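> Dropping a prediction and its sequence here:
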Amino acid sequence: MTQPKPSPQDRGPSAPEPKPGAPDRAAQQGAAASKAPGSGGQNRPGGPDGASPKARPQPVVQASKETAKKTGKDTLKDTGHKTAAPQPAQKPAQKPTPKPAPTKGQAEAAQIRIAPPVPPARRRPHHKLLMISFAIMVVVPILVSAWYLWARAQDQYASYVGFSVRTEEVGSAIELLGGITELSGSSSSDTDILYKFLQSQELVATVDAALDLRGIWSKADPEVDPIFAYDPPGTIEDLQDHWLRKVSIYYDSGSGLLDLRVLAFDPADARAIAEMIFAESSARINALSALAREDAIAYARDELTQAETRLRDARLALNEFRNRTQIVDPTIDTQGQMGLVNTLQAQLADALIEVDLLRETTRTGDPRITQGELRIAVIERRIEEERRKVGLGGGVSGDRSVFADLVGEFERLSVDLEFAQQSYVAALATFDAARNEARRQSRYLAAHVRPTLAERAEYPQRIYLLGLIGLFSFLAWTITALIAYSLRDRR
């Protein structure tokens, strides 16, 4: 007896028959699940199930067989028969093409472990300490400085003055006749001396005695503005320190120019201090010039005194010679004596000729010959006497020295007198030149900027000072923070 074939309604909700030539749908879903990212397949290295990244996926054919078995079982349960009813033959599901084995590069890429995402940063205690230190070291100093600069600091007025040391040099005599003088540049040594003088305690004391610096710089209440105001009375050292803060000196060593800036709480006081500084500086340069000129005059005066003494001694010696010899000028007397000798020699020559003529024309023993010979002897003695007087014959005639010695002594005294006179003239000219140099000012202070009178307060420069305070506070905080972090990282 044949059993009737179950109708499609009696089969129950069984799985639809797969079309011939089409792969099983469950197998396709399994294959897709194995390929999906984040699944436990081979494409997810190091999954949570601990599978090796080299594990291969199961073939799709196995999944198709299991699906077919499950479908057959469900059909048998629905019919209630132990044996399965004959069914039309089904075409086997096509096996999917197996994937090729991964290459070496793909295997190494699959082994790369992806780090988990970084969790969001949380505020830690050292972050709070960093912000607190920033507030203490940067914000608070800026706020306190701004409050002091705008609420407590008093306005200050500036007076400017600039000057340099000039030297005037005199040229040659021709230039002096033409009224031409040469003005040289500033003297660096004098400018260096003046630069030190402007910072000296002596100048501070002089200006304080004349203008009362303590009163000028304490016009602002020191209790209200203790930084920029002077707290009287203080010592001279305190006043000098405050002077260096109020009086700024700018020195250009190349050009020799000096520029000063004087600060005070009143513009008239600032200008008065600048004028006093210029006056004292000019007086100091004049004093240095006077000292140098005094040294030059003292040397010229000593030379003139020595020349006067030498000239006086020479004149006294010549007067003594004249009084002793009773001869004003021995050279004149010598010339007279030599003229007399020449005359006697001429007479002697005439007498000799006359006697020779008588001897040839008269007899021996003629009285005229005897008289002629006597005359010749007298003339010869006179010539000899005159020669001794002049010094040609040597010896002494009576109590008087020969004229040659007198002339020699007289010439020596005359030369001494002439040299003393020339020395005196030269010393007198030098002294006159030094005295004329002392009468004029060879070095002087030339002002290229006269003391100015301010119309508005320029100081303190509040924005500039606040910026500096903020910058240095930030730098100090940055360095402190870096040091603290470096010490923390070393632990």
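Looks like it came in fine.

> Okay, and the closest residue to Leu453 other than its chain neighbours sits in which element?
Excluding its sequence neighbours, the residue lying closest to Leu453 (CB to CB, 6 or more residues apart in numbering) is Arg271, at 4.9 Å. No exception for glycine: its C-beta is placed from N, CA and C like everyone else's. Assigned by DSSP states H and E, Arg271 falls within helix 267-325.

> How about Ile249?
strand 247-252.

> Surely Tyr157 touches Pro267?
Yes: Tyr157 lies in contact with Pro267 (CB atoms under 8 Å); the separation is 4.1 Å.

> neighbour-wise, which of these two wins?
Tyr157 (22 against 18; other CB atoms under 10 Å).

> do you know how far Thr331 is from Pro117?
134 Å (CB to CB, to the nearest Å).

> With neighbour numbers in mind, choose between these two.
A count of neighbours by other CB under 10 Å puts Thr331 above the other of Thr331 and Pro117, at 14 against 6.

> host element of the residue nearest to that one when sequence neighbours are not counted?
Using CB to CB, 6+ apart and skipping residues adjacent in sequence, the residue nearest Thr331 is Val407, 5.9 Å away. Assigned by DSSP H and E, Val407 belongs to helix 403-439.

> Show me what whichever helix or strand comes after that helix packs onto, helices and strands only.
Downstream of helix 403-439, the first helix or strand assigned by DSSP H and E is strand 443-449. Counting by 3 or more CB pairs under 8 Å, 6 or more residues apart in numbering; DSSP states H and E, the packing neighbours recorded for strand 443-449 are strand 157-170, helix 267-325.

> Going by mean pLDDT, which of these comes out lowest?
If you rank the helices and strands packed on strand 443-449 by mean pLDDT, strand 157-170 sits at the bottom with a mean of 84.

> list the buried ones in that strand?
In terms of neighbour count (16 or more other CB atoms under 10 Å), strand 157-170 has its buried residues at 157-166.

> Out of those, give me the two with the largest separation.
Greatest spatial distance in those: Tyr157 and Arg166, 29.7 Å, computed using CB to CB.

> hang on, the earlier thing: between helix 267-325 and the helix holding Val407, find me the angle.
170 degrees (axes from the mean of the first three to the mean of the last three CA atoms, to 10 degrees).

> Not counting its own residues, what contacts stretch 359-376?
348, 351-352, 354-355, 358 (CB atoms under 8 Å, 6 or more residues apart in numbering).

> buried stuff in it?
369, 372, 375-376.

> What of stretch 248-257?
256-257.

> Now do it: distance from first to last residue.
14 Å (CA to CA, to the nearest Å).

> pLDDT weak spots in the protein?
1-102, 104-115, 118-126, 168-188, 333-337, 389-403, 440-441, 491 (pLDDT under 70).

> the domain parsing of it - what is it?
Per automatic domain parsing, the structural domains of the chain span 156-302+440-490, 308-437.

> right, and the ones you listed - which one's nearest Thr103?
With CB to CB as the yardstick, what comes closest out of the domains of the chain is domain 156-302+440-490 (44.2 Å).

> Now do the shared contacts for Tyr157 and Pro267.
Joint contacts of Tyr157 and Pro267 (CB under 8 Å, 6+ apart) are Ala454.

> Can you verify my assumption that Ser281 contacts Lys196?
No: using CB under 8 Å, Ser281 is not in contact with Lys196; the gap is 11.4 Å.

> neighbour-wise, which of those two wins?
Set Ser281 next to Lys196 and count neighbours by other CB under 10 Å: Ser281 wins out with 22 against 10.

> Just give the strands next to the strand holding Ile249 in its sheet, each with its orientation.
Partners of strand 247-252 in the sheet, by DSSP bridges, are strand 257-264 (antiparallel).

> would you list the buried residues of stretch 359-376 in TSV and tack on distance to Val415 and secondary structure?
Formatted as TSV, those follow (distance: CB to CB, whole Å; DSSP: H, G, I helix; E, B strand; the rest coil):
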residue	distance to Val415	secondary structure
Ile369	53	helix
Gly372	48	helix
Arg375	44	helix
Ile376	43	helix
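
> Surely Leu348 is in contact with Glu380?
Yes: using CB under 8 Å, Leu348 is in contact with Glu380, at 6.3 Å.

> So between the two, which is more surrounded?
Legend: neighbour count by other CB under 10 Å for Leu348 and Glu380, higher for Leu348 (18 against 15).

> Setting aside sequence neighbours, what's the nearest residue to the more buried one?
Ile379 (4.3 Å).

> Please identify the helix or strand for the one you found.
Applying DSSP H and E, one finds Ile379 within helix 367-390.

> how big is the angle separating that helix from helix 403-439?
Using the same axes, to 10 degrees: helix 367-390 against helix 403-439 is 30 degrees.

> can you offset everything so residue one is 34?
Okay, residue one is now 34; in that scheme the one you just asked about reads as helix 400-423.

> Tell me, how many residues neighbour Arg472?
8.

> what's the burial count for the residue nearest to Leu381?
The burial count for Ile412: 20, using other CB under 10 Å.

> Also Met170?
Counted with other CB under 10 Å, Met170 comes out at 16.

> quick one: contacts for it?
Met170 neighbours (CB under 8 Å, 6+ apart): 506, 509-510, 513.

> Please tabulate those residues in a markdown table and include secondary structure and neighbour count as additional columns.
Shown next, in a markdown table, are the contacts of Met170 (DSSP: H, G, I helix; E, B strand; the rest coil; neighbours: other CB atoms under 10 Å):
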| residue | secondary structure | neighbour count |
| --- | --- | --- |
| Ser506 | helix | 19 |
| Ala509 | helix | 13 |
| Trp510 | helix | 19 |
| Thr513 | helix | 13 |
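
> Switch the residues you listed over to a markdown table; also include distance to Tyr181.
Shown next, in a markdown table, are the contacts of Met170 (distance: CB to CB, whole Å):
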| residue | distance to Tyr181 |
| --- | --- |
| Ser506 | 14 |
| Ala509 | 19 |
| Trp510 | 20 |
| Thr513 | 23 |
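
> which two from those residues end up farthest apart in space?
Among the contacts of Met170, Ser506 and Thr513 lie farthest apart (CB to CB), at 10.6 Å.

> Phi first, then psi, for the closest residue to Ala305 other than its chain neighbours.
Distance criterion CB to CB, 6+ apart; nearest residue to Ala305, sequence neighbours excluded, is Leu244 at 5.8 Å. Note on Leu244: its backbone torsions stand at phi -120, psi -10 [degrees, to the nearest 10].
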